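# Have a look at this fold, sequence not included:
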(Lines give C-alpha, C1' and ligand atoms only; values in the text may rest on other atoms or scores of the structure.)
Protein backbone atom coordinates (compact mmCIF):
# COMPACT_ATOMS: atom_id res chain seq x y z
CA UNK A 1 0.00 0.00 0.00
CA UNK A 2 1.48 3.29 -1.05
CA UNK A 3 0.33 5.66 1.64
CA UNK A 4 0.00 9.38 1.43
CA UNK A 5 0.09 9.75 5.19
CA UNK A 6 2.58 12.59 4.90
CA UNK A 7 -0.34 14.75 3.81
CA UNK A 8 -2.83 12.97 6.08
CA UNK A 9 -2.22 13.70 9.73
CA UNK A 10 -4.90 12.11 11.86
CA UNK A 11 -4.99 13.20 15.51
CA UNK A 12 -3.28 10.65 17.73
CA UNK A 13 -6.46 10.17 19.76
CA UNK A 14 -8.82 10.10 16.75
CA UNK A 15 -9.96 6.58 17.62
CA UNK A 16 -11.02 7.52 21.15
CA UNK A 17 -12.61 10.76 19.97
CA UNK A 18 -14.66 8.87 17.40
CA UNK A 19 -15.77 6.29 19.96
CA UNK A 20 -16.93 9.01 22.35
CA UNK A 21 -18.76 10.90 19.60
CA UNK A 22 -20.49 7.72 18.41
CA UNK A 23 -21.48 6.82 21.99
CA UNK A 24 -23.01 10.28 22.42
CA UNK A 25 -24.76 9.88 19.05
CA UNK A 26 -26.43 6.66 20.19
CA UNK A 27 -27.23 8.18 23.59
CA UNK A 28 -29.11 10.99 21.84
CA UNK A 29 -30.72 8.85 19.15
CA UNK A 30 -32.25 6.06 21.28
CA UNK A 31 -34.29 8.17 23.75
CA UNK A 32 -35.20 10.69 21.04
CA UNK A 33 -36.51 7.89 18.85
CA UNK A 34 -38.28 5.91 21.56
CA UNK A 35 -39.84 8.60 23.74
CA UNK A 36 -40.07 11.43 21.14
CA UNK A 37 -39.60 14.17 23.78
CA UNK A 38 -39.70 17.04 21.28
CA UNK A 39 -42.46 18.35 19.00
CA UNK A 40 -42.84 16.14 15.92
CA UNK A 41 -41.01 18.28 13.33
CA UNK A 42 -38.06 18.91 15.67
CA UNK A 43 -37.92 15.29 16.80
CA UNK A 44 -37.87 14.03 13.20
CA UNK A 45 -35.25 16.60 12.22
CA UNK A 46 -32.96 15.49 15.05
CA UNK A 47 -33.22 11.84 13.99
CA UNK A 48 -32.69 12.69 10.31
CA UNK A 49 -29.67 14.84 11.18
CA UNK A 50 -28.15 11.93 13.10
CA UNK A 51 -28.59 9.62 10.10
CA UNK A 52 -26.96 12.18 7.80
CA UNK A 53 -24.10 12.71 10.25
CA UNK A 54 -23.42 8.96 10.51
CA UNK A 55 -23.55 8.47 6.74
CA UNK A 56 -21.31 11.49 6.17
CA UNK A 57 -18.67 10.34 8.65
CA UNK A 58 -18.64 6.92 7.00
CA UNK A 59 -18.20 8.43 3.54
CA UNK A 60 -15.47 10.80 4.72
CA UNK A 61 -13.45 8.07 6.44
CA UNK A 62 -13.87 5.96 3.31
CA UNK A 63 -12.61 8.78 1.11
CA UNK A 64 -9.55 9.21 3.34
CA UNK A 65 -8.88 5.49 3.03
CA UNK A 66 -9.07 5.61 -0.78
CA UNK A 67 -6.41 8.32 -0.71
CA UNK A 68 -4.02 5.87 0.94
CA UNK A 69 -3.72 3.91 -2.31
CA UNK A 70 -2.14 4.97 -5.57
CA UNK A 71 -4.23 4.63 -8.77
CA UNK A 72 -2.34 1.50 -9.86
CA UNK A 73 -2.93 -0.51 -6.68
CA UNK A 74 -5.60 -3.21 -6.86
CA UNK A 75 -7.22 -2.50 -3.44
CA UNK A 76 -7.94 1.07 -4.55
CA UNK A 77 -10.69 -0.19 -6.87
CA UNK A 78 -12.29 -2.06 -3.98
CA UNK A 79 -12.37 0.91 -1.64
CA UNK A 80 -13.23 3.44 -4.35
CA UNK A 81 -16.42 1.59 -5.30
CA UNK A 82 -17.10 1.01 -1.60
CA UNK A 83 -16.94 4.71 -0.77
CA UNK A 84 -19.02 5.65 -3.83
CA UNK A 85 -21.77 3.52 -2.32
CA UNK A 86 -21.61 5.45 0.95
CA UNK A 87 -21.68 8.82 -0.79
CA UNK A 88 -24.84 7.65 -2.54
CA UNK A 89 -26.20 6.77 0.92
CA UNK A 90 -25.41 10.31 2.10
CA UNK A 91 -27.35 11.67 -0.87
CA UNK A 92 -30.27 9.35 -0.09
CA UNK A 93 -30.41 10.54 3.55
CA UNK A 94 -30.37 14.20 2.47
CA UNK A 95 -33.04 13.61 -0.18
CA UNK A 96 -35.20 11.93 2.46
CA UNK A 97 -35.15 15.13 4.54
CA UNK A 98 -35.96 17.26 1.48
CA UNK A 99 -38.86 15.09 0.37
CA UNK A 100 -40.20 14.86 3.93
CA UNK A 101 -40.23 18.64 4.28
CA UNK A 102 -41.99 19.15 0.93
CA UNK A 103 -44.43 16.23 0.78
CA UNK A 104 -46.80 14.54 3.20
CA UNK A 105 -46.85 11.41 1.03
CA UNK A 106 -44.06 10.15 -1.22
CA UNK A 107 -44.59 9.07 -4.83
CA UNK A 108 -44.05 5.34 -5.54
CA UNK A 109 -40.59 6.00 -6.98
CA UNK A 110 -38.39 8.99 -6.13
CA UNK A 111 -34.80 10.17 -6.44
CA UNK A 112 -34.33 8.67 -2.97
CA UNK A 113 -34.77 5.25 -4.55
CA UNK A 114 -32.34 6.17 -7.33
CA UNK A 115 -29.74 7.11 -4.70
CA UNK A 116 -30.27 3.96 -2.65
CA UNK A 117 -30.23 1.63 -5.66
CA UNK A 118 -27.02 3.32 -6.79
CA UNK A 119 -25.58 2.76 -3.31
CA UNK A 120 -26.42 -0.94 -3.49
CA UNK A 121 -24.87 -1.19 -6.95
CA UNK A 122 -21.53 0.33 -5.86
CA UNK A 123 -21.40 -1.56 -2.55
CA UNK A 124 -22.14 -4.82 -4.35
CA UNK A 125 -19.47 -4.06 -6.93
CA UNK A 126 -16.92 -3.41 -4.17
CA UNK A 127 -17.74 -6.76 -2.58
CA UNK A 128 -17.39 -8.39 -6.00
CA UNK A 129 -13.94 -6.83 -6.48
CA UNK A 130 -12.86 -7.69 -2.92
CA UNK A 131 -14.00 -11.29 -3.19
CA UNK A 132 -12.03 -11.89 -6.38
CA UNK A 133 -9.02 -10.00 -5.06
CA UNK A 134 -8.67 -12.17 -1.95
CA UNK A 135 -9.71 -15.45 -3.58
CA UNK A 136 -7.27 -15.10 -6.46
CA UNK A 137 -9.83 -16.58 -8.84
CA UNK A 138 -10.20 -15.23 -12.34
CA UNK A 139 -13.30 -13.08 -12.73
CA UNK A 140 -16.00 -14.55 -14.95
CA UNK A 141 -17.35 -12.19 -17.63
CA UNK A 142 -20.65 -10.60 -16.64
CA UNK A 143 -20.79 -12.58 -13.37
CA UNK A 144 -21.77 -9.47 -11.40
CA UNK A 145 -24.62 -8.83 -13.83
CA UNK A 146 -25.74 -12.42 -13.29
CA UNK A 147 -25.91 -11.79 -9.54
CA UNK A 148 -27.93 -8.62 -10.14
CA UNK A 149 -30.38 -10.58 -12.29
CA UNK A 150 -30.66 -13.23 -9.59
CA UNK A 151 -31.53 -10.53 -7.05
CA UNK A 152 -34.29 -9.25 -9.34
CA UNK A 153 -35.70 -12.75 -9.86
CA UNK A 154 -35.70 -13.56 -6.13
CA UNK A 155 -37.29 -10.17 -5.36
CA UNK A 156 -40.03 -10.77 -7.93
CA UNK A 157 -40.81 -14.21 -6.50
CA UNK A 158 -40.91 -12.91 -2.92
CA UNK A 159 -43.13 -10.00 -3.98
CA UNK A 160 -45.71 -12.43 -5.34
CA UNK A 161 -45.50 -14.52 -2.16
CA UNK A 162 -45.86 -11.40 0.00
CA UNK A 163 -49.03 -10.39 -1.84
CA UNK A 164 -50.49 -13.86 -1.36
CA UNK A 165 -49.63 -13.67 2.36
CA UNK A 166 -51.58 -10.42 2.70
CA UNK A 167 -48.58 -8.13 3.12
CA UNK A 168 -48.50 -4.77 1.38
CA UNK A 169 -52.27 -4.42 1.30
CA UNK A 170 -53.33 -1.65 -1.10
CA UNK A 171 -49.91 -1.46 -2.78
CA UNK A 172 -49.34 -2.13 -6.45
CA UNK A 173 -47.10 -5.04 -7.41
CA UNK A 174 -44.38 -2.64 -8.61
CA UNK A 175 -44.34 -0.64 -5.35
CA UNK A 176 -44.23 -3.84 -3.32
CA UNK A 177 -41.47 -5.21 -5.55
CA UNK A 178 -39.33 -2.14 -4.86
CA UNK A 179 -39.91 -2.57 -1.12
CA UNK A 180 -38.86 -6.23 -1.29
CA UNK A 181 -35.85 -5.44 -3.48
CA UNK A 182 -34.12 -3.56 -0.65
CA UNK A 183 -33.97 -6.36 1.96
CA UNK A 184 -33.15 -8.94 -0.72
CA UNK A 185 -30.22 -6.77 -1.82
CA UNK A 186 -29.25 -6.38 1.83
CA UNK A 187 -29.27 -10.13 2.33
CA UNK A 188 -27.03 -10.74 -0.68
CA UNK A 189 -24.67 -7.97 0.47
CA UNK A 190 -24.73 -9.28 4.03
CA UNK A 191 -23.93 -12.86 3.02
CA UNK A 192 -20.96 -11.85 0.89
CA UNK A 193 -19.81 -9.31 3.49
CA UNK A 194 -19.94 -12.03 6.15
CA UNK A 195 -17.93 -14.32 3.92
CA UNK A 196 -15.28 -11.65 3.41
CA UNK A 197 -15.17 -10.95 7.15
CA UNK A 198 -14.67 -14.64 7.88
CA UNK A 199 -11.85 -14.83 5.34
CA UNK A 200 -10.07 -11.92 6.99
CA UNK A 201 -10.83 -13.31 10.44
CA UNK A 202 -10.01 -10.74 13.12
CA UNK A 203 -7.99 -8.66 10.68
CA UNK A 204 -8.83 -5.00 10.29
CA UNK A 205 -9.47 -5.31 6.56
CA UNK A 206 -12.63 -7.26 7.35
CA UNK A 207 -14.10 -4.69 9.73
CA UNK A 208 -15.62 -2.20 7.23
CA UNK A 209 -17.89 -4.98 5.96
CA UNK A 210 -19.50 -5.54 9.36
CA UNK A 211 -21.82 -2.58 8.86
CA UNK A 212 -23.40 -4.23 5.80
CA UNK A 213 -24.28 -7.26 7.92
CA UNK A 214 -26.04 -4.98 10.42
CA UNK A 215 -27.91 -3.22 7.61
CA UNK A 216 -29.26 -6.60 6.48
CA UNK A 217 -31.01 -7.10 9.82
CA UNK A 218 -32.21 -3.51 10.12
CA UNK A 219 -33.64 -3.11 6.62
CA UNK A 220 -35.28 -6.53 6.58
CA UNK A 221 -37.21 -5.73 9.75
CA UNK A 222 -38.04 -2.22 8.58
CA UNK A 223 -39.50 -3.35 5.25
CA UNK A 224 -41.43 -6.19 6.92
CA UNK A 225 -43.10 -3.67 9.24
CA UNK A 226 -43.70 -1.23 6.38
CA UNK A 227 -45.57 -3.94 4.49
CA UNK A 228 -47.85 -4.49 7.49
CA UNK A 229 -46.00 -7.20 9.37
CA UNK A 230 -46.39 -5.35 12.67
CA UNK A 231 -50.12 -6.13 12.71
CA UNK A 232 -49.22 -9.68 13.73
CA UNK A 233 -47.71 -8.57 17.07
CA UNK A 234 -48.69 -6.48 20.06
CA UNK A 235 -48.23 -2.72 19.67
CA UNK A 236 -45.74 -2.43 22.53
CA UNK A 237 -43.61 -5.27 21.18
CA UNK A 238 -43.74 -3.75 17.69
CA UNK A 239 -42.42 -0.44 19.07
CA UNK A 240 -39.37 -2.17 20.54
CA UNK A 241 -38.75 -3.94 17.25
CA UNK A 242 -38.94 -0.56 15.48
CA UNK A 243 -36.39 0.81 17.95
CA UNK A 244 -34.13 -2.19 17.43
CA UNK A 245 -34.43 -1.96 13.63
CA UNK A 246 -33.65 1.75 13.34
CA UNK A 247 -30.90 1.63 15.98
CA UNK A 248 -29.31 -1.25 14.05
CA UNK A 249 -29.60 0.84 10.90
CA UNK A 250 -27.69 3.69 12.54
CA UNK A 251 -25.20 1.25 14.05
CA UNK A 252 -24.49 -0.08 10.56
CA UNK A 253 -23.11 3.32 9.59
CA UNK A 254 -21.11 3.62 12.81
CA UNK A 255 -19.57 0.14 12.53
CA UNK A 256 -18.55 0.79 8.95
CA UNK A 257 -16.99 4.12 9.90
CA UNK A 258 -15.05 2.49 12.75
CA UNK A 259 -13.86 -0.27 10.44
CA UNK A 260 -12.57 2.25 7.93
CA UNK A 261 -10.97 4.32 10.68
CA UNK A 262 -9.15 1.28 12.09
CA UNK A 263 -7.45 0.74 8.73
CA UNK A 264 -6.58 4.44 8.51
CA UNK A 265 -5.03 4.41 11.98
CA UNK A 266 -3.07 1.26 11.14
CA UNK A 267 -1.76 2.74 7.88
CA UNK A 268 -0.63 5.90 9.63
CA UNK A 269 1.18 3.90 12.33
CA UNK A 270 2.87 1.76 9.67
CA UNK A 271 4.09 4.78 7.74
CA UNK A 272 5.46 6.32 10.94
CA UNK A 273 7.67 3.32 11.66
CA UNK A 274 11.31 3.76 10.58
CA UNK A 275 12.51 1.66 7.68
CA UNK A 276 14.67 -1.32 8.71
CA UNK A 277 18.43 -0.87 8.45
CA UNK A 278 20.24 -2.66 5.61
CA UNK A 279 23.55 -2.75 7.43
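Yep, that arrived. Treat the numbers as computed from the prediction; the structure is a model and nothing was measured. Numbering: from 1, shown residues only.
# Quick check: nearest residue in space to residue 86, chain neighbours excluded?
Nearest non-adjacent residue to residue 86, counting by C-beta to C-beta, 6 or more residues apart in numbering: residue 59, 4.2 Å away. All C-beta spots, glycine's among them, are computed from the backbone N, C-alpha and C.
# That neighbour: what secondary structure?
When classified by DSSP: H, G, I helix; E, B strand; the rest coil, residue 59 comes out as helix.
# Let me see the contact set for it.
Neighbouring residues of residue 59 by C-beta atoms under 8 Å, 6 or more residues apart in numbering: 83, 86, 87, 89, 90.
# If we use 7 Å, what do you get?
83, 86, 87, 90 (C-beta atoms under 7 Å, 6 or more residues apart in numbering).
# helices or strands up against the lengthiest helix in the chain?
Criterion DSSP state H: the longest helix present in the chain is helix 235-272. Applying 3 or more C-beta pairs under 7 Å, 6 or more residues apart in numbering; DSSP states H and E, one finds that helix 235-272 contacts helix 14-35, helix 40-66, helix 210-226.
# Now distance to residue 147 and mean pLDDT too, for those, in a markdown table please.
As requested, the helices and strands packed on helix 235-272 are exported to a markdown table (distance: least, C-beta to C-beta, whole Å; pLDDT from 0 to 100):
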| stretch | distance to residue 147 | mean pLDDT |
| --- | --- | --- |
| helix 14-35 | 32 | 96 |
| helix 40-66 | 22 | 95 |
| helix 210-226 | 15 | 80 |
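# okay, the ones you listed in JSON lines with distance to residue 195 next?
Formatted as JSON lines, the helices and strands packed on helix 235-272 follow (distance: least, C-beta to C-beta, whole Å):
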{"stretch": "helix 14-35", "distance to residue 195": "26"}
{"stretch": "helix 40-66", "distance to residue 195": "21"}
{"stretch": "helix 210-226", "distance to residue 195": "10"}
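# ok, now how distant is the nearest residue to residue 248 once chain neighbours are set aside from residue 253?
Closest residue in space to residue 248, ignoring its immediate chain neighbours: residue 218 at 3.8 Å, by C-beta to C-beta, 6+ apart. With distances taken as C-beta to C-beta, to the nearest Å, residue 218 is found 10 Å from residue 253.
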